[in-house]
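# The amino acid sequence is not available; the structure is as follows:
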């Protein structure tokens, strides 16, 4: 089984989490065709900080 690498341009670290492509594109410059994005630990932290408000709004819709 091959290990995935982070899909942020210029990063070669091992993948830590997979996130939705539409949210990741708001934080990083990525290929438009990606529906899921593999991120390393450092970029996952950036993703969480950059999409915090949007993810909170999505959780409010669950009720």
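Looks like it arrived, so ask away. Please read all numbers here as calculations on a predicted model, not as lab measurements.
# hang on, residue 37 in a strand?
Yes. Counting by DSSP: H, G, I helix; E, B strand; the rest coil, residue 37 falls inside a strand.
# That one: neighbour count?
25 (other Cβ atoms under 10 Å). Bear in mind the C-beta positions are built from the backbone N, C-alpha and C, glycine included.
# Just give the nearest non-adjacent residue to it, would you?
Nearest residue to residue 37, sequence neighbours excluded (Cβ to Cβ, 6 or more residues apart in numbering): residue 24, at 4.1 Å.
# Can you show me the strands along this protein?
Here the chain has its strands, by DSSP state E, at 17-20, 36-39.
# For the worst-scoring helix or strand of the chain on mean pLDDT, buried residues please.
Every helix and strand of the chain was ranked by mean pLDDT, DSSP states H and E. The lowest is helix 52-60, at a mean of 85. When burial is assessed from 16 or more other Cβ atoms under 10 Å, helix 52-60 yields no buried residues.
# Distance of residue 36 relative to residue 11?
Per Cβ to Cβ, to the nearest Å, residue 36 is found 16 Å from residue 11.
# Local confidence estimate at residue 51?
As summarised for this prediction, residue 51 has a pLDDT of 92.
# give the contact list for the residue nearest to it when sequence neighbours are not counted.
Excluding its sequence neighbours, the residue lying closest to residue 51 (Cβ to Cβ, 6+ apart) is residue 23, at 5.0 Å. Neighbouring residues of residue 23 by Cβ atoms under 8 Å, 6 or more residues apart in numbering: 47, 51, 54-55.
# Reformat those residues as CSV; add distance to residue 19.
Formatted as CSV, those follow (distance: Cβ to Cβ, whole Å):
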residue, distance to residue 19
47, 6
51, 8
54, 12
55, 10
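# one step back: pull the distance from the least confident helix or strand of the chain to the chain's centre.
Helix 52-60 sits 15 Å away from the centroid of its parent chain (Cα atoms, centre = their mean, to the nearest Å).
# what does it rub up against?
23, 26, 48.
# now, among those, which is nearest to residue 15?
Among those, residue 48 lies closest to residue 15 (Cβ to Cβ), at 15.4 Å.
# so what's residue 33 scoring on pLDDT?
So residue 33 comes in at 87 (pLDDT).
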